[in-house]
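Undergrad: My questions are about this predicted structure, shown below with the sequence.
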2 protein chains.
Amino acid sequence: MSQKTSDIKFFFNPKSIAVIGASPAPEKISHAMLENLKRTGFPGVIYPVNPKYKSINDLRCYSSISEIPSDIDISVIAVPSTVVLETLKDAGKKVKGAIIVSGGFKEMGDEGIRLEEEIKEIAEKNEIRIMGPNCMGIYDTISRVDTFLITSDRIGRPDKGGISIISQSGSFAGTIMDELAYEGIGVARVISYGNRVDVGETDCLEFLTDDDATKVVALYIESIDDGRRFVDAASRCTRKKPVIAVKVGRRDAGVHAAKSHTGAMTGKYEIYRAAFKKAGIIEVNGYEELKDACKSLNIHSPVKGKRVLIITDGGGIGVSISDACDNSGLEVTGLSEEIKKRLASKLPSFCAVGNPIDLTGSVTDEDYLTALEEGLKNGFDIAIVTVLWGPPQLTEGLVDKLKEFKAKQNIPIVICSPGGKFTKRINSLFEGKGMPVFSTPESAVRAAAILTGK
Amino acid sequence: MSQKTSDIKFFFNPKSIAVIGASPAPEKISHAMLENLKRTGFPGVIYPVNPKYKSINDLRCYSSISEIPSDIDISVIAVPSTVVLETLKDAGKKVKGAIIVSGGFKEMGDEGIRLEEEIKEIAEKNEIRIMGPNCMGIYDTISRVDTFLITSDRIGRPDKGGISIISQSGSFAGTIMDELAYEGIGVARVISYGNRVDVGETDCLEFLTDDDATKVVALYIESIDDGRRFVDAASRCTRKKPVIAVKVGRRDAGVHAAKSHTGAMTGKYEIYRAAFKKAGIIEVNGYEELKDACKSLNIHSPVKGKRVLIITDGGGIGVSISDACDNSGLEVTGLSEEIKKRLASKLPSFCAVGNPIDLTGSVTDEDYLTALEEGLKNGFDIAIVTVLWGPPQLTEGLVDKLKEFKAKQNIPIVICSPGGKFTKRINSLFEGKGMPVFSTPESAVRAAAILTGK
């Protein structure tokens, strides 16, 4: 299959998309797809296909693919599983690739497995590349393709950014996309490939390796198709950009769950760990870690060392971050006497001048800059800056001040700001300026740890 | 000191509060305290004390404590550390207890330690119980006392509920209080005792043991004063209600951080672990776990077994929860053939009938009830119900349906609903009905695990 790989580029730059099973009825899920392509402003040609209609949304509707007058790059198939085969046969050699979003295949047992085999045969015969079945397909901020069968009022779509996500699971991809959109984190391409009768994680990884729009690759993996090929592709990718991966279905319970999900045989977790390590992939431990890693790597570059400077205006949260750093293998190294002296001369006397630097409840915006400026001279790799918004002298002005400081130097500044209503309002100001905020001591430390390759 | 313990009850039911250092100027932090007592509707007498003013907020202002015509239950002291001693001397035997919120003591080194010693002497001589210094004092939904020096627009105050929090750190207490308020989780009493020259964790724990308003106790501990007494008190408390604790300052970095925070010598972590275990305290690993535990124990009762039923409408999130259960020692046991058959006959054919039960993207509100009703017959201890809001047929009606189902039976139902804008809107509907929502697979599993005693 390897020689086919270059073929999948068209999925990420299609000139035309046929939507099989398109419907004008808003309650039909296939309606969402036409709406989504309209919303993203897909610049190519869209062909709705449904024998019941003459036109949908001012677009001419075709009764079948064979009726469409030109060749088609992508055919998105959202019809019952029993009709999928027929649809593919009808397409003949007219389409380059099909995204089969319909479920009801391998994950349903023997009959589904047989159906998938037939799909594979037809696809090979007609040289059609297949994504799916049982997938969400592609959300792409570069090509403006959006085949996710869910309206954007329910699952938000992120703006353009540097993260690309490859996920066997559609719900995992959709959920993390929704969260990233909510927190103002952008993505390049999100790919949900489902049951993988053809296109899988390695094809996608190979494409993203050479994709300039993708700065970071995040993988959700239930199983890997061809281990050796995957490790080769991933090794090449990690030389160019960070690749993070979560392997689910790790132990007994997860293994069973994955099988009934995408029909994946998840295999021994230890083998996956070794493969990730060999390929230079940063393994994360689950959904939380993957999300925090995406947020962090979206703006910060990986660092060489593990020394963390902690700045806080609340001692207890500072201690909690120190503990979490210890747990994650990050080093909260002390300050030199010289820097302590300089900090003590520049900060109010009640501040605790160590690591953490505790600015206390009497903190001002300016104190944070002093602490960062002087503290970072001590040779740290990362700063975690905790802002609790109780102290009355703190103002929104801190958002711009931290942004300006960040722009002047290269050390990643991870912002930690746990809290309720007031805090969340300010956090969205940070996010609006491209600075992600982590809401717990542990998530801030996860965001820092990922930059060290863990 | 043990014989003094019963004395601290008045802190939680004061008839009168003197606010030393009270100010009419909104930019002064001591102003917030008068505002907070007004907001909570404290029913007792309030005496502002400040020689600069004749009255503040329509309350007569006294130039000193000695000028106040009657005895006082609590004197809250928010003046510079250098003036605290003088203030206490002036109080003589007129006050039962003082909450010293001022910082600038043990955490600042030798001079501060000397000051604390003097405070201790005066307090013992005049039989005044002391909370603090360097603390936030008390937020109490029963007595309506609020000595936190932060306005409620910055740090929200939870409604009345069953959780009481004992915290050495004021910022930790304030932050978690703010988060609980934001998510609609109520508290009984929140106590921040800071440098602990007198009242400490064990006094508070003893009080809360016999406090009917407190259903669950959460402890944030940097150090423990008297290990043996603590274990005795905690053992008595855990026989009546769940006690959870986070010990911070666990390893090198955290130990140093704690010392410069409340001057606490944190001691060997392993000793704390053993003490917690002996006393039946459920240890949690940090801020995230403590918060999730509070949310969970606020409405769910501890359970006897570890068998978890997972219901989901997104396979990938279901697999992630299975993995997280495995990691936490929870058991995702299979369903009996009989129950599988019944579920298969009642649910649409594309559902995966196992554990997890995957209702897929075609899910309806009713499917969740069917899955719960039949699935729980298989003898589970806890259900984790994941709701992803992408599926178009799901409606807000599910909130009431789940609430009704919950009311009919005793098995804790932990709701997991990760996502962005749409999801967060619905989550607040759940929260408004007293059902906390957990936003990641891992946090839902933490919420479940805490119910099993971990």
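TA: Great, that's in hand.
Undergrad: Around chain B, which positions in the stretch 51-200 of chain A sit nearby?
TA: By the rule Cβ under 8 Å from any Cβ of the partner chain, the part of the stretch 51-200 of chain A lying against chain B is A:103-104, A:107-108, A:149-151, A:153-156, A:167-175, A:178-179, A:181-183. C-beta here means a position set from N, CA and C on the backbone, and glycine is covered the same way.
Undergrad: Now go through those and say which are in strands.
TA: Of these, the ones assigned to strands by DSSP state E are A:S167.
Undergrad: Output stretch A:133-152 as CSV - backbone C-alpha positions only.
TA: Output of stretch A:133-152 as CSV, limited to C-alpha atoms (Å, rounded to 0.1, in the frame of the first residue of the first chain):
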residue,chain,number,x,y,z
PRO,A,133,-16.2,3.8,7.0
ASN,A,134,-17.5,4.8,10.5
CYS,A,135,-15.6,8.1,10.6
MET,A,136,-16.1,11.8,10.5
GLY,A,137,-13.6,12.4,7.7
ILE,A,138,-11.9,15.8,7.5
TYR,A,139,-12.1,19.2,9.0
ASP,A,140,-9.5,21.3,7.2
THR,A,141,-8.8,25.0,7.8
ILE,A,142,-6.5,25.2,4.8
SER,A,143,-8.6,23.6,2.1
ARG,A,144,-11.9,24.6,3.9
VAL,A,145,-13.2,21.0,3.7
ASP,A,146,-15.5,20.0,6.5
THR,A,147,-17.1,16.6,6.3
PHE,A,148,-18.0,16.3,10.0
LEU,A,149,-21.7,15.4,10.2
ILE,A,150,-22.3,17.7,13.1
THR,A,151,-23.5,21.3,13.0
SER,A,152,-21.0,23.9,14.3
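Undergrad: mind checking how far the closest residue to A:R157 other than its chain neighbours is from B:P26?
TA: Once flanking residues are discounted, A:R157 sits nearest to A:A181: 5.7 Å by Cβ to Cβ, 6 or more residues apart in numbering or on different chains. To B:P26, A:A181 is 38 Å away according to Cβ to Cβ, to the nearest Å.
Undergrad: Which one's more surrounded, the two?
TA: A:A181 (20 against 10; other Cβ atoms under 10 Å in any protein chain shown).
Undergrad: quick one: low-confidence parts of chain A?
TA: A:1-6, A:252-267 (pLDDT under 70).
Undergrad: Now, of the residues of the stretch 51-200 of chain A next to chain B, which are buried?
TA: Buried by 16 or more other Cβ atoms under 10 Å in any protein chain shown: A:103-104, A:107-108, A:149-151, A:154-156, A:167-175, A:178-179, A:181-183, out of these.
Undergrad: quick one, helices of the stretch 301-450 of chain A?
TA: A:315-328, A:337-346, A:365-375, A:397-408, A:421-432, A:441-451 (DSSP state H, counting those that start in this stretch).
Undergrad: How far off centre is the longest one?
TA: Read it as helix A:315-328. 27 Å (Cα atoms, centre = their mean, to the nearest Å).
Undergrad: got a list of what A:S64 touches?
TA: By Cβ atoms under 8 Å, 6 or more residues apart in numbering or on different chains, the contact set of A:S64 is A:V49, A:P51, A:D90.
Undergrad: Now with 6 Å, please.
TA: Residues in contact with A:S64 (Cβ atoms under 6 Å, 6 or more residues apart in numbering or on different chains) are A:D90.
Undergrad: ok, it to A:M131 distance?
TA: 21 Å.
Undergrad: so A:L398 makes contact with A:D365?
TA: Yes - contact criterion Cβ atoms under 6 Å: A:L398 and A:D365 qualify, at 4.3 Å.
Undergrad: More neighbours: the two, which one.
TA: Per other Cβ under 10 Å, whichever of A:L398 and A:D365 has more neighbours is A:L398, with 23 against 17.
Undergrad: who's in contact with the more buried one?
TA: A:D365.
Undergrad: Strands along the stretch 1-150 of chain A, start to end?
TA: A:16-20, A:45-49, A:55-56, A:59-60, A:72-77, A:95-100, A:129-131, A:137-140, A:145-146 (DSSP state E, counting those that start in this stretch).
Undergrad: cool, the stretch 251-400 of chain A as well?
TA: Using DSSP E, counting those that start in this stretch, strands in the stretch 251-400 of chain A cover A:282-284, A:308-312, A:352-353, A:357-358, A:382-386.
Undergrad: And A:R189, how close does it get to chain B?
TA: Note on A:R189: its distance to chain B, by Cβ to the nearest Cβ, to the nearest Å, is 18 Å.
Undergrad: Dihedrals phi and psi, that residue?
TA: phi -130, psi 140 (degrees, to the nearest 10).
Undergrad: tell me which parts of the stretch 251-400 of chain A are close to chain B?
TA: When proximity is defined as Cβ under 6 Å from any Cβ of the partner chain, the stretch 251-400 of chain A approaches chain B at A:251, A:253-254, A:257-258, A:260-261, A:286-288, A:314-320, A:322-326, A:332, A:350, A:352, A:354, A:356, A:388-390, A:392.
Undergrad: from those, which would you call buried?
TA: Among these, the ones that count as buried by 16+ other Cβ under 10 Å are A:253-254, A:257-258, A:260-261, A:286-288, A:314-320, A:322-326, A:332, A:350, A:352, A:354, A:356, A:388-390, A:392.
Undergrad: From the chain's centroid, how far away is the helix ranked longest in chain A?
TA: In chain A, taking DSSP state H as the definition, the longest helix is helix A:110-126. Taking Cα atoms, centre = their mean, the mean C-alpha location of helix A:110-126 is offset from the chain mean by 30 Å.
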